[in-house]
Each structure stands twice: as structure tokens, then as C-alpha cells.
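Enquirer: Provided below for reference: sequence and predicted model.
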Amino acid sequence: MKIAFIVWRFPVLSEAFILNQITGLIDRGHDVYIHPVNGLPKNYTGKVHPVVEEYKLLEHTYFPPTVPENFVWRFCEGIGLLFKNFHRGSWKTLRFFTSDKYGEEVATVKTLYRVENLLQDGNYDIIHCQFGTLAPIALAYREAGIISGKLITTFRGIDISKYVQENGINVYDQLFRDGEFFLANCKFFGDRAIKLGCNPDKIVIHGSGLDCSKFSFKSRYFPVDGNVQIATTGRLVEKKGIEYVIRAVAQIALSYPNIEYNILGDGELKEQLEKLITELNVGHIIKLLGWKQQKEIVEILDNAHIFIAPSVTAADGNQDAPVNTLKEAMAMGLPVISTRHGGIPELVEDGVSGFLVPERDADAIAHKLSYLIEHPELWVNMGKAGRARVEEKYDTNKLNDELVAIYQQVLNPESPPTILPQQSKELTHI
């Protein structure tokens with residue numbers, strides 16, 4: 001199959017779940033073409049996930065020309081691209097600017113940049129939008145004849161929470177009418193899509209996969225030196241709720257002076273969190289380590305004893321599915337503390353593989369963290385249960401086989417069904 005992955009930017013370190021799908025499809029003999037509509041990530045440093053280099057994924061990536069920051073230059077160069085590609089069909093984009101039908105992500109000068117590679121060869125078997133927010137772009141391009149193929153859209157979190165809150169409950173009406181098939185990375189978001197109008201027969205739960213072979217399991221025991229290592233991996237943004245773990249660790253620091261809390265990630269709240277750490281006088285035990293490559297993350301988690309993923313619903317409505325960083329920690333045998341938030345309870349079974357606490361509750365985190373430190377005899381069984389859960393529901397090889405089956409079913413709807421994701425049976429048909 002010839003498959004187009006439509007993404008916002010590429011390569012993004014925090015989107016390993018997309019890389020797992022791309023490499024899985026390549027391993028299965030399919031041709032994948034990556035189209036990042038906004039090009040490289042902002043502040044791109046060249047630091048990439050190892051599989052980007054291993055699979056030479058940048059050679060599979062078709063970046064649009066760089067869009068100038070200055071509007072005048074952007075407009076002038078865009079018009080130049082329009083005339084340069086006129087014989088290839090760039091004139092088809094003019095419809096976007098003469099109708100009220102298209103939103104600002106389509107009726108924009110950026111479109112003249114975004115379509116250049118698609119105009120050279122936009123014929124695909126499958127067009128896979130990796131977030132619902134990308135679907136209006138793909139729908140418009142397909143409608144204009146710039147790109148062709150069956151359209152599949154995956155809802156991953158921000159697109160079915162914040163985006164809907166900002167744009168209204170009818171924002172996906174056209175997509176639900178014209179899109180061929182839909183995936184949701186957890187039941188929580190799948191049910192929400194159905195409530196918004198998605199046909200229950202056109203959506204399945206398809207989780208974000210993890211290659212468990214790259215995350216070695218290790219049973220956790222109380223350290224001989226008493227130095228308990230706690231870790232969190234995630235972007236420093238409101239939705240990740242890291243502030244509440246910092247406050248929780250500060251609460252128990254006097255009782256457990258030998259704990260150390262490492263936070264792996266970067267983001268817009270870095271200065272705010274640094275200030276909080278200073279105000280709470282816990283800079284000696286809480287460290288902001290910044291972005292780390294996968295190998296570095298694995299090394300740090302290998303030496304950790306407890307993992308915390310304190311996701312919260314952000315003020316703008318943004319919510320999380322079962323986050324991959326939490327799956328990675330569980331696959332490595334770490335007992336975890338997380339929140340009753342979004343799709344996380346579908347991953348973490350409270351009291352079995354870890355503990356779930358209410359959102360934004362530093363006291364509850366402190367209580368469960370103290371309990372785990374006081375009861376290290378729980379760590380081994382929690383770690384084993386977490387590994388088993390990840391292998392059962394999120395093994396990337398199983399999920400990639402399922403993804404191929406979904407594609408084939410969409411291309412050949414008359415053939416006997418081959419899609420057998422057990423999670424899809426749990427969807428609430430409304």
C-alpha cells in the first residue's frame with residue numbers, strides 16, 4: 001500500500017507513537033510518505049529519535065518550502081509557488097480563497113507552500129491524518145483533487161478535547177460525513193467522538209503502541225542506600241500536572257530526606273517550575289533534566305524506583321490519553337502513580353499496577369508516594385502487573401498488524417472483516 005501520513009511537524013521527539021506506526025508499516029513492506037504541513041519542529045536542533053536515523057525517515061519526509069515570517073515575503077513567495085506549480089494544478093487551491101466553506105488552516109497563503117509536494121504525486125491508497133485537527137486540510141485537498149485516497153483520522157487527545165471546546169461540538173460534522181474511517185487511542189476519546197456524531201461502525205479503539213523489546217523489565221526493590229529515585233517524563237505544560245508532584249515531594253521531603261525526583265522534559269512552564277522548586281526549597285532533591293533522547297530516558301528509568309504521571313485537564317480543555325511515557329515506565333517494571341484523567345484509567349489499574357489519585361491533588365500524591373516508599377514489598381507485583389498490561393493492550397507489533405488490517409478493510413469493504421481490536425467492542429454506541 002501507498003500511505004500518506006499527514007502530521008503537523010516532523011520529527012517530534014514526543015511523538016514516538018507516530019514513529020512506531022511508520023516503522024511498523026515500512027517493516028511490513030508498505031510505502032510511507034510523511035507530509036508535515038508545518039515543516040520541522042520549532043527550535044529544531046537536529047536531535048531526533050534513534051529510529052528516525054535507523055530507518056532514514058527524513059528521506060521519506062516531504063517538507064513544504066519554508067514559510068517566511070514576514071507576511072509580505074510570505075505572500076510574494078506564495079504567489080511565486082502558485083505560478084511555478086500552475087501546470088501541476090496549483091490553480092486548484094484558488095477555490096479555498098473564494099468560498100466561506102474553508103477554515104483558516106485551509107484558506108491561508110501557507111496552502112501554496114503545503115501543496116507543492118502533493119502536486120507532484122498526491123495519489124495514495126490511504127491518507128492517514130494523525131490528529132483530527134489535520135483532517136480539514138486533507139479533506140479540502142482531496143475535494144479539490146490535489147490528493148486522493150481513503151481518509152483515516154486518528155483522534156489522540158488535544159483534537160477531541162481542547163479543539164472541540166474552542167470550535168464547538170459541530171466542528172467535525174463534515175469529517176464524520178466524508179471521512180472513511182476513524183481511530184481513537186483510547187475508549188474515553190472514542191466515546192466522545194461518537195457523542196459528537198461519529199458513526200459507531202466507522203471507529204475503533206487503536207492504542208498508541210510500544211515496542212516492549214526496547215524496554216527491559218526489571219523488578220524494583222528498596223535500595224540498600226535508602227536513596228529512592230522518583231521520575232516523571234513529559235512536556236512542561238499545564239496538562240502534565242508536574243506542579244502537583246513537586247508540591248507533593250516537598251511535603252514529604254522532611255520525612256524522607258533521601259528521595260530524589262527527576263523530571264525529564266522541557267516546555268513553556270520551565271521557568272515557573274524552577275521558581276516553584278526554589279520557593280519550596282527542594283532544589284537539592286528535585287531536578288529538571290530537560291529533553292532526553294530515548295536511550296537516556298531508558299537509562300534514567302532503569303535506575304528509578306517509582307514513576308509518576310500526574311496528568312490534569314488543562315484550563316483550555318486539553319486532556320491526555322494513556323500516555324506513552326507511562327507505558328514505558330510500566331513496561332520497565334516501575335510501580336506508578338497517576339491520575340483519574342482522560343484515558344489513563346484504561347492503562348493503570350488502581351491498586352494493581354499502581355495508584356490513581358484525583359487531578360490536581362498534591363496531598364493525594366504525597367499520601368500514595370509515602371505509602372509506596374513505606375511498602376516496597378508492593379513494588380515487584382505492581383511492576384509485573386504493569387508490564388503485563390502494556391504487553392496485552394499496547395504491544396506495537398500487534399497494533400501495527402491491526403493497523404494494516406484496518407487499512408485493508410477500508411480499501412476492500414466487501415471482503416470478510418479482518419479487524420479484530422478487542423478494545424473496539426467496549427465503545428459506547430449512541
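Expert: Good, I have the coordinates. As the structure is a prediction and not an experimental result, all values here were calculated from the model. Numbering: from 1, shown residues only.

Enquirer: name the helix or strand for the residue lying closest to residue 65 once chain neighbours are set aside, please.
Expert: Once flanking residues are discounted, residue 65 sits nearest to residue 113: 5.0 Å by Cβ to Cβ, 6 or more residues apart in numbering. In this view, the C-beta of every residue, glycine as well, is placed from N, C-alpha and C. Using DSSP states H and E, residue 113 maps to helix 110-114.

Enquirer: packing partners of the helix or strand following that helix?
Expert: Toward the C-terminus, helix 110-114 is succeeded by helix 116-120 as the next helix or strand (DSSP H and E). Under the contact criterion of 3 or more Cβ pairs under 8 Å, 6 or more residues apart in numbering; DSSP states H and E, helix 116-120 touches no helix or strand at all.

Enquirer: residues of helix 116-120 that come out buried?
Expert: Buried residues in helix 116-120, defined by neighbour count with 16 or more other Cβ atoms under 10 Å: 116-119.

Enquirer: next: stretch 271-284.
Expert: Neighbour-count burial for stretch 271-284 flags 273, 276-277, 282 (criterion: 16+ other Cβ under 10 Å).

Enquirer: relative to residue 397, which of the residues you listed is nearest.
Expert: Closest approach to residue 397 among the buried residues of stretch 271-284 (Cβ to Cβ): residue 273, at 36.6 Å.

Enquirer: how is this protein partitioned into domains?
Expert: Structural domains assigned to the chain are 2-205, 212-392, following automatic domain parsing.

Enquirer: can I get those domains in TSV including distance to residue 404?
Expert: Converted to TSV, the domains of the chain look like this (distance: least, Cβ to Cβ, whole Å):
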stretch	distance to residue 404
domain 2-205	6
domain 212-392	19
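
Enquirer: strands along the chain, start to end?
Expert: For the chain, the strands defined by DSSP state E occupy 2-7, 31-36, 123-129, 148-155, 181-184, 203-205, 229-233, 260-264, 286-290, 306-309, 336-339, 354-357.

Enquirer: sorry, back to before: in TSV: the domains of the chain, plus distance to residue 409 and mean pLDDT.
Expert: Below are the domains of the chain laid out as TSV (distance: least, Cβ to Cβ, whole Å; pLDDT from 0 to 100):
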stretch	distance to residue 409	mean pLDDT
domain 2-205	8	93
domain 212-392	23	95
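
Enquirer: to residue 400, which of those lies closest?
Expert: domain 2-205 (3.1 Å).

Enquirer: okay, stretch 132-150 in CSV with CA atoms only?
Expert: What follows is stretch 132-150 as a C-alpha-only set of coordinates in CSV (Å, rounded to 0.1, in the frame of the first residue of the first chain):
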residue,chain,number,x,y,z
GLY,A,132,-8.3,15.2,14.0
THR,A,133,-7.1,18.9,13.6
LEU,A,134,-5.4,17.9,10.4
ALA,A,135,-8.5,16.4,8.8
PRO,A,136,-10.0,19.7,7.5
ILE,A,137,-6.8,20.2,5.5
ALA,A,138,-6.8,16.7,4.0
LEU,A,139,-10.5,16.9,3.2
ALA,A,140,-10.1,20.2,1.4
TYR,A,141,-7.1,19.0,-0.6
ARG,A,142,-8.9,15.8,-1.5
GLU,A,143,-12.1,17.6,-2.5
ALA,A,144,-10.0,19.9,-4.7
GLY,A,145,-8.3,17.0,-6.4
ILE,A,146,-4.9,17.8,-5.0
ILE,A,147,-4.6,14.5,-3.1
SER,A,148,-6.5,11.2,-3.4
GLY,A,149,-7.0,8.2,-1.2
LYS,A,150,-9.2,6.8,1.6
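
Enquirer: how many other residues sit next to the spatially closest residue to residue 3 that is not a sequence neighbour?
Expert: Leaving aside its chain neighbours, residue 3 sits nearest to residue 126 (4.6 Å; criterion: Cβ to Cβ, 6+ apart). Using other Cβ atoms under 10 Å, residue 126 has 24 neighbouring residues.
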